[in-house]
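Participant: Sequence first, predicted model second:
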Protein chains: 2
Amino acid sequence: MVDGRNPLEGYLTKIEARRPLSGKARDAFLALRVNSEHYDIYREIVREDEPTSMCCLVVQGCVSRFKTVPSGERQINSFHFDGDMVDLQSALLLVSDHGIRTHSPTTVLRIECNAILQLTLDHPEWAHAFWFDTIVDAAIFREWMLNVGRRAAVGRVGHLILEIFHKLERIGRTDQYKFTMPITQNDLADAVGLSAVHTNRSLQQLRELGMISSIGRTFVIEDLAGMKRLASFDPTYLHPEGPRVLDPNRS
Amino acid sequence: MVDGRNPLEGYLTKIEARRPLSGKARDAFLALRVNSEHYDIYREIVREDEPTSMCCLVVQGCVSRFKTVPSGERQINSFHFDGDMVDLQSALLLVSDHGIRTHSPTTVLRIECNAILQLTLDHPEWAHAFWFDTIVDAAIFREWMLNVGRRAAVGRVGHLILEIFHKLERIGRTDQYKFTMPITQNDLADAVGLSAVHTNRSLQQLRELGMISSIGRTFVIEDLAGMKRLASFDPTYLHPEGPRVLDPNRS
DNA sequence: CGGGTGCTTGATCTCTATCAACTGGTGTGG
DNA sequence: CCACACCAGTTGATAGAGATCAAGCACCCG
């Protein structure tokens, strides 16, 4: 327990913001057996091609999922913060096809894959909630693919900044338009498919354009509308509208 | 019905190759009400940002999912062939975040999203089967992100060719190492994040290296091992091992 | 036979990578 | 409290990968 709260509540809050759960479903989730673990910065907590048996939930911190190419170059697939179930897919996947690594000191909860599956059998609401969560995951991957494949450098970096801003805002880690990026330029580069040097120059361009300002890793979005236009950022892909609810009147 | 078979069987075969279903679950699926539709080549069958109410199943043909950037450039996210449920995610997603378009004359089945959801409530096996299907979907997106973000041009094109070869092989559309690519170089380019001209030159390089040969759109993989090495292609990401099965002996 | 579509080729230019050096902040130990 | 090391960020110079533009070719189909 962190400050008296059940550390599973972060994820619950995220799920219930999309669609409230029944009391039973909520209790069953909170009763899950978990292992809490703390990692230092830059620890690999799941390795590529490793057999899976546990899912990871970020309680507090920042991690990324990534894949590498034989030459050693890395592509980051996603960033995750407080309350994210990082590799929910492991519930059904027998072997991990990517690594997971911390970007700051991070507290993680490990949950048995089998327990997750059992939860979906006992509570169909959870089957839908988890499925929807991985659907949103996939939607974000599609957007990133567009980012890396078809946007110019400045747009790519701008888009990533907006997504991170968006995610941090939801968990209360922003102060108006100001927030602290827990990620180095090297890692930003690996997320947008550029070199570190070019990422740096793209950030400078964003500053010159008056879009952002930053001191160290503290960023301020100075022109949100301008950023959105420049990065063609449309939060639809994050699907804040939540899942479809089955109409009980259908035949 | 196409030649006496229920057109839903293509998807059933794919799902059961991963894990057999109970007779009841199979029957319930085959009893789904569907609309069959036939599209010409290059028809947009789902538009970006459109509200969703039906899922699409490809009976026979080839379609892609894609996103566009305001300047009009297109990023293809995936290709789908016979027996693929293209936008299964629409079952829970209220609005589509990408388009779907045919690359050859294609027969499609439309299934009510609500019917899909009902199926998951009546048969938890289906909840897992669909969830696993979208998990594999997401895994492929991650691999494509790596492809577009971190592989050199020749590797990118090679990787895509191998994936398509792999998919066509599973549905019996190959003859040894020979197969017909139902996709133009323009569209290949949109899938790997290159220009059409550069994609063409990468294909030429693959030929010069003795990796492939092709007449028109009929390709032959001449050196499978070489291709795999050059494209760092490892089919793990397609997850042929199938889903985890819940151990009934757990506590 | 004409016209469309997709493939191929050449020339040129731009964007991004690479390599290398330098700066500035932070933390640590003497 | 200073010296030093270390790391992230910044800058410059240069090379190379890939984009763009433009033209020509080949095949298919009406």
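Facilitator: Cool, the structure landed.
Participant: Near DNA strand C, which residues of the stretch 151-251 of chain A are found?
Facilitator: A:A152, A:A153, A:G193, A:L194, A:S195, A:V197, A:H198, A:G216 (C-beta under 7 Å from any atom of the strand). (Glycine included, C-beta is placed from N, CA and C.)
Participant: Phi first, then psi, for the second one.
Facilitator: Spelled out, it's A:A153. With angles defined as degrees, to the nearest 10, A:A153 sits at phi -50, psi -50.
Participant: Show me which residues of the stretch 101-250 of chain A are close to DNA strand D?
Facilitator: Taking C-beta under 7 Å from any atom of the strand as the test, the list of the stretch 101-250 of chain A residues beside DNA strand D reads A:T184, A:Q185, A:N186, A:A196, A:V197, A:N200, A:R201, A:L203, A:Q204, A:G216, A:R217.
Participant: and the helix or strand where the fifth one lies, which residues are buried?
Facilitator: Element membership for A:V197 (DSSP states H and E) is helix A:196-208. Taking 16 or more other C-beta atoms under 10 Å in any protein chain shown as the basis for neighbour counts, the residues of helix A:196-208 that come out buried are A:H198, A:T199, A:N200, A:S202, A:L203, A:L206.
Participant: Which single one of those residues is nearest to A:T120?
Facilitator: A:T199 (39.8 Å; C-beta to C-beta).
Participant: Leaving out chain neighbours, which residue sits closest to the closest one?
Facilitator: Nearest residue to A:T199 in three dimensions, chain neighbours excluded: A:A189, at 4.1 Å (C-beta to C-beta, 6 or more residues apart in numbering or on different chains).
Participant: Quick one: neighbours of the one you found, just the number.
Facilitator: 21 (other C-beta atoms under 10 Å in any protein chain shown).
Participant: Sketch out the low-pLDDT regions of chain A for me.
Facilitator: Counting by pLDDT under 70, chain A has low-confidence residues at A:1-4, A:248-251.
Participant: now the strands for chain A?
Facilitator: Here chain A has its strands, by DSSP state E, at A:34-39, A:44-46, A:54-60, A:63-68, A:74-80, A:99-102, A:106-112, A:174-175, A:178-180, A:212-215, A:218-221.
Participant: Now mean neighbour count and distance to B:I221 too, for those, in a markdown table please.
Facilitator: Listed next are those as a markdown table, based on neighbours: other C-beta atoms under 10 Å in any protein chain shown; distance: least, C-beta to C-beta, whole Å:
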| stretch | mean neighbour count | distance to B:I221 |
| --- | --- | --- |
| strand A:34-39 | 14 | 43 |
| strand A:44-46 | 17 | 33 |
| strand A:54-60 | 22 | 37 |
| strand A:63-68 | 22 | 24 |
| strand A:74-80 | 23 | 25 |
| strand A:99-102 | 22 | 30 |
| strand A:106-112 | 20 | 42 |
| strand A:174-175 | 14 | 50 |
| strand A:178-180 | 16 | 49 |
| strand A:212-215 | 15 | 47 |
| strand A:218-221 | 18 | 47 |
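Participant: who's in contact with A:G193?
Facilitator: Contacts for A:G193 (C-beta atoms under 8 Å, 6 or more residues apart in numbering or on different chains) come out as A:Q75, A:V148, A:R156, B:V148, B:G149, B:R150.
Participant: one more time with 6 Å, if that's ok
Facilitator: Counting by C-beta atoms under 6 Å, 6 or more residues apart in numbering or on different chains, A:G193 makes contact with A:V148, B:G149.
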